[in-house]
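# Dropping a prediction and its sequence here:
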Amino acid sequence: MNLCESCNSADAKIVLSLEPISMHLCTNCYNELMAKDLDLKLGQLPETFSLKDYQRITRIFHVERRIDPLGIYMEASELIEFGYKFAVHGELGCDQQELLTKLIDKTRKGISKQQVKTEVFPNGQIYNSIIDDQITGMIEYDETSEDTPLVIIDGKPFTWEEVGKILMSYEGFQIKFKMFDMTDDIEK
Ligand SMILES: [Zn+2]
């Protein structure tokens, strides 16, 4: 863990390069610096919020905001590894509470529908299947596999091999892969 060079305490996740120097900063110090530089007011945000998923299970999301010269990036990520993650982007002068509401709405929508279900063959073998002939997910790094990614679907990690197995029931179908930025809206 890198310590923030400004407050010396929190986890420094951001490297700010202002030639010729670069600084390791925590998100808070980075945002304060950017806000000052851009003459922007940082509104109060909750650290977390929780919502119920498609199974009525409570999911807790950590809220993070990052100011950049082009706007405000806001992200809600679950407090577990490989969980759900959602993000929105707003203009610099936007209402940050409205942006938060947008983020919460996007999160609510994103966790409200199950996409992959686990079923059991008569012989007892367990398999996964796609519920509505489409899946949306998030591509993540797989520590255990150098050549293939993990795909996060329904707030759970699937290995590339598992995704392949799910697709096997679609032999003979066409497939379309399209990539979206985290802040884009994908219709489910
Ligand atoms: Zn700091």
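That came through fine.
# What pairs with the longest strand along the chain, parallel or antiparallel?
Using DSSP state E to assign secondary structure, the strand with the most residues in the chain is strand 58-68. If you go by DSSP bridges, strand 58-68 pairs up with strand 48-52 (antiparallel), strand 71-78 (antiparallel).
# out of those strands, nearest to the ion?
With C-beta to the ion as the criterion, the ion lies closest to strand 71-78 of those, at 17.9 Å. (Glycine included, C-beta is placed from N, CA and C.)
# quick check: mean pLDDT across the closest one?
In this model, strand 71-78 carries a mean pLDDT of 96.
# related to what we said a few turns ago, now the strands paired with strand 58-68 in a markdown table, with mean neighbour count and distance to the ion?
Below are these laid out as a markdown table (neighbours: other C-beta atoms under 10 Å; distance: least, C-beta to the ion, whole Å):
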| stretch | mean neighbour count | distance to the ion |
| --- | --- | --- |
| strand 48-52 | 14 | 19 |
| strand 71-78 | 20 | 18 |
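# Compute the first-to-last residue distance for stretch 80-94.
Taking C-alpha to C-alpha, to the nearest Å, the first and last residues of stretch 80-94 lie 30 Å apart.
# What lies in contact with it?
38, 40, 53, 59, 61, 67, 69-78, 96, 98-99, 102-103, 106-107, 110-111, 138, 140, 150, 152, 155-157, 182-183 (C-beta atoms under 8 Å, 6 or more residues apart in numbering).
# Next, the residues that contact the longest helix anywhere in the chain from outside, please.
Across the chain, the longest stretch assigned as helix under DSSP state H is helix 96-110. Residues from elsewhere that reach helix 96-110 (C-beta under 8 Å, 6+ apart): 42-43, 45-46, 49, 51, 61, 63, 65, 72, 74-76, 84, 86-88, 90, 185, 188.
# Make a PyMOL selection of the buried ones in those.
Selection of buried members from these for PyMOL, criterion 16 or more other C-beta atoms under 10 Å:
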select buried, resi 49+51+61+63+65+72+74+75+76+84+86+87+88+90
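# can you list the residues of the chain near the ion?
Taking C-beta under 5 Å from the ion, the part of the chain that reaches the ion is made up of 4, 6, 7, 10, 26, 29.
# quick one: which two of those residues are the most distant?
Pairwise distances across the residues of the chain next to the ion (C-beta to C-beta) peak at 9.4 Å, for the pair 6 and 10.
# Spell out which residues are contacts of both of those two.
Applying C-beta under 8 Å, 6+ apart, one finds that residue 6 and residue 10 are jointly contacted by 26, 29.
# The longest strand of the chain to helix 96-110, inter-axis angle?
Angle, strand 58-68 to helix 96-110, by axes from the mean of the first three to the mean of the last three C-alpha atoms, to 10 degrees: 140 degrees.
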